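J.: Turn this into a structure:
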Amino acid sequence: MYIFRYIRQLLGSIASRRQKLLVRSYLMPSEHLGRDVMVDVYRPALPPWRLLNLAVFNDGQDLERMNLREQLQTAFKEHSLSPTVVIGVHAGDRMREYGTTGRPDYKGRGDQAGAYEHFLIEELIPWIEKFYNVYQLPARRAIAGFSLGGLNAFDVAWRNPGEFGVAGVFSGSLWWRSKAFRKDQPDANLIVHNYVQKTKKMPKIRLWFMAGTADEEADRNNNGIIDAIDDTLQLLQILKEKGQKEEEDFTYVEVKNGRHEPETWGTVVLDFLKWA
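T.: Residues are numbered from 1 along each chain as shown. Here you go, the predicted model:
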């Protein structure tokens, strides 16, 4: 009887443990960026031998405003999300570190995107692998971001499909352009659109896009669709022309009345994690 009681207590303790979420913050020195990077780690309280999915978020300082802690706690408790360690990387100089590696915009912004990519691949990922039992398969690893961070997440995954097999683009700054805007060519010189169009061999990654109907008011080509949505839809069309299949290779979520802010992104962040 005592043995059975002990077993029941042990199982109850394990079940309770699995419902918990552990959140820790670390200050990581980066040689590539020449600064210390604050990193928040959200992980389920599981035995160290359990393999975990990995999700890295740019602009990790905003995850708290998205109520991510409580959402993860509930998801793990209800077993609606596979065990995942979420890494929130706090931003530095966003206009320099976020962007497209080797392709600054026409104002020179994003000139440190390469250094940030090296930080992610050569410093952050090895650190994560040292302390957390994460899957080695790229399909089990995602990178995501918001606005400029979303643009950067797309670019990092596109360039490093061996590290990240999934990218999440929340209200991505897909307007990033190599030349200044011209009224007679409103949709020309969009950096991401152009390099995807020129790609001969598509990287093996899955892409999740989101935009809100109130993301902004700008409509540079006067087609009645705000740029945040229009830029995304144009990129999706290019992906289709490249043979990518909707829902299989990419998906798009449009949030009615969604604004360009963490509170809106927080309404779908868990949807992304479950999809990823």
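J.: how much space between Pro262 and Leu68?
T.: 10 Å (Cβ to Cβ, to the nearest Å). The C-beta positions use only the backbone N, C-alpha and C, and glycine is treated the same way.
J.: If you could redo that for Glu246, that was the one I meant.
T.: 27 Å.
J.: The two: who's more crowded?
T.: Leu68 (25 against 11; other Cβ atoms under 10 Å).
J.: Could I get the contacting residues of the more buried one?
T.: The contact partners of Leu68, by Cβ atoms under 8 Å, 6 or more residues apart in numbering, come to Tyr42, Val86, Gly88, Gly266, Val269.
J.: Same question for Gly258.
T.: Gly258 is in contact with Ser171, Met210, Ala211, Gly212, Thr213, Ala214, Asp215, Thr264, Thr267, counting by Cβ under 8 Å, 6+ apart.
J.: Give me the mean pLDDT for the host helix or strand of the third one.
T.: For Ala211, the element it lies in under DSSP states H and E is strand 206-214. In this model, strand 206-214 has an average pLDDT of 98.
J.: Equivalent analysis for stretch 37-56, please.
T.: 96.
J.: since we're on His79, how many residues are nearby?
T.: 10.
J.: And it, how far from Glu263?
T.: Relative to Glu263, and taking Cβ to Cβ, His79 is found at 27 Å.
J.: if I pick the most centrally placed residue in the chain, what's in contact with it?
T.: Nearest residue to the geometric centre of the chain (Cα atoms, centre = their mean): Ala144, 0.5 Å. Contact analysis of Ala144 by Cβ under 8 Å, 6+ apart lists 55-58, 150, 153, 167-170, 208, 272, 276.
J.: cutoff 6 Å now
T.: Contacts of Ala144 were listed using Cβ atoms under 6 Å, 6 or more residues apart in numbering, and they are Phe57, Ala153, Gly168.
J.: Which secondary structure state does the residue nearest to Gly150 when sequence neighbours are not counted sit in?
T.: The shortest distance from Gly150 to any non-neighbouring residue, by Cβ to Cβ, 6 or more residues apart in numbering, is to Gly172 (3.5 Å). Secondary structure, DSSP: H, G, I helix; E, B strand; the rest coil: Gly172 is coil.
J.: Gly172 against Gly149, yeah?
T.: No: between Gly172 and Gly149 there is no contact under Cβ atoms under 6 Å: 8.5 Å.
J.: hang on, the earlier thing: which pLDDT value belongs to the residue nearest to Gly150?
T.: Note on Gly172: pLDDT of 97.
J.: Please apply the same query to Arg18.
T.: Arg18 is assigned 47 on the pLDDT scale.
J.: wait, Leu33 sits on Glu117?
T.: No: counting by Cβ under 6 Å, Glu117 is not a contact partner of Leu33; they are 10.5 Å apart.
J.: Between the two, which has more neighbouring residues?
T.: Using other Cβ under 10 Å, the more surrounded residue of Leu33 and Glu117 is Glu117, with 22 against 19.
J.: so that one sits in a helix?
T.: Yes: Glu117: assigned to a helix according to three-state DSSP.
J.: Quick check: nearest residue in space to it, chain neighbours excluded?
T.: Closest residue to Glu117 apart from its sequence neighbours, by Cβ to Cβ, 6+ apart: Thr101 at 5.1 Å.
J.: sec struct for the one you found, please.
T.: Under three-state DSSP, Thr101 comes out as coil.
J.: number of nearby residues for it?
T.: Burial of Thr101 is recorded as 19 neighbouring residues (other Cβ under 10 Å).
J.: Next one, pLDDT for Asp184 please.
T.: 89.
J.: which ones are touching the residue nearest to Glu117?
T.: Counting by Cβ under 6 Å, 6+ apart, Thr101 touches Ala113, Gly114, Glu117.
J.: nearest to Pro29, of those residues?
T.: Nearest to Pro29 among the contacts of Thr101 is Glu117, at 17.5 Å by Cβ to Cβ.
J.: quick revisit: look up how far Val56 lies from the residue nearest to the centre of the chain.
T.: Ala144 sits 7 Å away from Val56, going by Cβ to Cβ.
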